[in-house]
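A.B. asks: just need the structure, nothing else, for what follows:
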Amino acid sequence: MARYLAAKVTLLCVCAVMARAQTSEELNFITGLTEFREIRSMLPSYLRARAEALLQQRRQTIAQFAGRQDVEKRKQYLRERMIRALGGLPERTPLNARLVAVVEREDYRIEKVVFESQPRFYVTANLYLPKTGQPPYPGILFPEGHEAGAKAHEAWQQMLGSFATKGYVALTWDPLGQGERSQFYDPEAKASKLRGSTTEHSMLGIQCLLAGDNVARYTIWDAVRALDYLLSRKEVDATHIGCTGNSGGGTHTAYLSALDDRIQVAAPSCYLTSWQQLLRTIGPQDAEQNLPPWIADGLDHPDFIYAFAPKPYLMLSAIRDFFSITGARNTFQEARRVYALAGAQEKLDMVEADDGHGYSKPRRLAAYNWFSRWLKGVEDQRPEPEIRQATEEELRCTPTGQVATSLGGESVFTLNQKRVEQLKATRPPRSEVRTWAGRLSGFEPAQGPVDVRPYGSFTRPGYRVQKLVYETEPGILVPSLLFIPDGGSARKAAVLYVNGAGKAAGMGDLEPLVRSGMVVLAIDARGFGETRTSAEKDSPRPFGDYSSAMTALLTGRTLVGMRAQDIARGLDLLSARPEIDAEKIYGYGKGAGAVPMLYAAVLDQRLRRVALDGMLASYESVTNERIHRDVFEQVVQGALKYFDLPELIAALAPRPVTVVNSVDPLGQLRQPKTESGALAFFR
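C.D. replies: Below you'll find the model as predicted:
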């Protein structure tokens, strides 16, 4: 008997599992259809196609260049757009530079220096000074890459010591999040709270974007002030300044050379490629390497070179780099034609090494020769000198090895908070919120009837479910479930439901609404549910679908605005149904679906009531908490200049709105969880 009961229990459990599996298969129906096997790459494919169309328009513009005047106009255009993307540059304030200590070497010395790029925003730097030859010497500005060790990284020391031995004054400094300048330092763990400097950059970068700035505003300004310090030294010839760095240092070599006329020779290593190849390969990197809306502004990597033309520019590339060599070659070929128009063909060159990412010896030797050729007027074919390496501790500028614990002062987090506070006082009147919400989110309302395709149906006690796919715009398909109650009035109220976890995650919300007599359309807006990007689950970043969110911004859109557009097309679908009362269509956004639902309601009056469940409490809360998680997909660049989420809610008046279970930037409830009460609210 016991054996019989055990077998029966086992059978019941198996049946229950099968029933759940069947339910999941019915709700997530598109995944099993052959024609939709690429559905998880739909969003990145759409964004890449959009970007490539914009880049093609740019190439057509560049192809029309006819002379130096066109190149000069391009330089001015890049600078204007770049500074706008940064959010402007800070005010030049006293450096308050001080010498901390000196490390002696036979042919040079290393001065350990601290200066303030902004008031109480401390930068730790090492200055390499020759002991031979006669000053003034040419100067080399050396922004660092993301490699471990910051100032003490072996390749950086090798190169800086070599420059000093060869008769240059060379300056390097710790970038944000590296060396002595961790922005998330944990004194107990004696390390950053986050995984690596690039995660620090993007954590801060998202907060800066909400203020309409870019975290590169701070990294670039550190570099500009580093150049100010370098030029303040009597040992330096201010008319002979070069700039070079690898990886993130290559990025900032490209940035600085484009913006600062004091740099005379440039040689970025392991950075320049092309946006077309970036999006086809590794995608957007950490936040300071992206300057949205860069691609929408018609800009690409060659434009950094044009902003420097006709001065000497050397591209240093690795064939086996993760930055595409094809992209680098394409950029060089395009730029070579433009340099020819400027009459400076001999001042642009490219060196490829058959190795991987890093400032390897072949590229270092090429750089020494390039700078010697243009800053000293002679070729340098000498062997690279042997450099005695210093420890990280020997090169430190602070007693504890961290600005945060030795000097305190400002951080990007605190400076950005102050920026946000200033913005609140200058926001436009509430009557303009709707206009700004549409403009900043990139919401593009569609025209004409919505294309809807059926993919079967199933029944449940009291209702039936139609499986539908509708097209929001070319390339974007939205899997949907239309729940239709049995019987009742001929024209019913309807609820459009968007859950960030996907339509299949909401049965507990949906069934009570359907059983009360309402039609419910549950959708997987792009990037939700069955259309979730496949690569996102493997990403180590705490930012959700970082690649899609950043690519959208680069092309002048936002995931928020595009998902609001998916909702608007869902409203078109509902409004066209004969069984639905178009005057009683409501919106229900949950989790990550709540912010897009809010924007959709602000921009589309057809949503007569709105429930927002588990929504991020405010954008400002993201700038007030040092660490956030999974909010990037909800970011609208520059929103805090014009409104915050509470202002959007207020803009819905007099339409009824309920907000429940709001969350903080880490996704934690701000107060004990309550039942949404959606059923009562929608009646």
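
A.B. asks: so which bits of the host helix or strand of Glu511 are buried?
C.D. replies: Assessed by DSSP states H and E, Glu511 sits inside helix 507-515. Neighbour counts using 16 or more other CB atoms under 10 Å place 507, 509-510, 512-515 of helix 507-515 among the buried residues. (Each C-beta comes from the backbone N, C-alpha and C, glycine too.)

A.B. asks: and for stretch 299-313?
C.D. replies: For stretch 299-313, burial by neighbour count (16+ other CB under 10 Å) applies to 299-313.

A.B. asks: just the ones of those in strands?
C.D. replies: Tyr313 (DSSP state E).

A.B. asks: what's opposite Val657 in the beta bridge?
C.D. replies: Using DSSP bridges, the bridge partners assigned to Val657 are Val610.

A.B. asks: who's in contact with it?
C.D. replies: 601, 609-612, 649 (CB atoms under 8 Å, 6 or more residues apart in numbering).

A.B. asks: rerun that using 10 Å as the cut-off
C.D. replies: The neighbourhood of Val657, defined by CB atoms under 10 Å, 6 or more residues apart in numbering, consists of 587, 598, 601, 607, 609-612, 648-651, 681.

A.B. asks: now, those residues that are in helices?
C.D. replies: If you go by DSSP state H, these have 598, 601, 648-650, 681 in helices.

A.B. asks: at which residues are the helices of the stretch 351-500 of the chain located?
C.D. replies: 361-371, 403-406, 412-424, 433-441 (DSSP state H, counting those that start in this stretch).

A.B. asks: out of those, which is closest to Gly242?
C.D. replies: With respect to Gly242, and counting by CB to CB, the nearest of the helices of the stretch 351-500 of the chain is helix 361-371 at 4.8 Å.

A.B. asks: before we move on, the earlier item: downstream of the helix holding Glu511, the next helix or strand is which one?
C.D. replies: Moving toward the C-terminus from helix 507-515, the next element (DSSP H and E) is strand 519-523.

A.B. asks: so that following strand versus helix 507-515, what angle?
C.D. replies: 150 degrees (axes from the mean of the first three to the mean of the last three CA atoms, to 10 degrees).

A.B. asks: which element is Ile140 on?
C.D. replies: Per DSSP H and E: strand 137-142 holds Ile140.

A.B. asks: list the strands paired with that strand, with their directions.
C.D. replies: Under the rule (DSSP bridges), strand 137-142 has strand 169-173 (parallel), strand 236-246 (parallel) as partners.

A.B. asks: send me that strand as PDB with only the CA atoms.
C.D. replies: Taking Å, rounded to 0.1, in the frame of the first residue of the first chain, the C-alpha atoms of strand 137-142 are listed here in PDB:
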ATOM      1  CA  TYR A 137      62.700  69.100 -23.400                       C
ATOM      2  CA  PRO A 138      59.800  67.900 -25.500                       C
ATOM      3  CA  GLY A 139      56.800  66.800 -23.400                       C
ATOM      4  CA  ILE A 140      54.900  63.600 -23.500                       C
ATOM      5  CA  LEU A 141      51.400  63.300 -22.000                       C
ATOM      6  CA  PHE A 142      50.700  59.600 -21.200                       C
END
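
A.B. asks: which parts of it count as buried, going by neighbours?
C.D. replies: 137-142.

A.B. asks: cool, stretch 46-53 as well?
C.D. replies: 46-48, 50-52.

A.B. asks: from those, which is closest to Asn624?
C.D. replies: Using CB to CB, the buried residues of stretch 46-53 come closest to Asn624 at Leu47, 30.2 Å.
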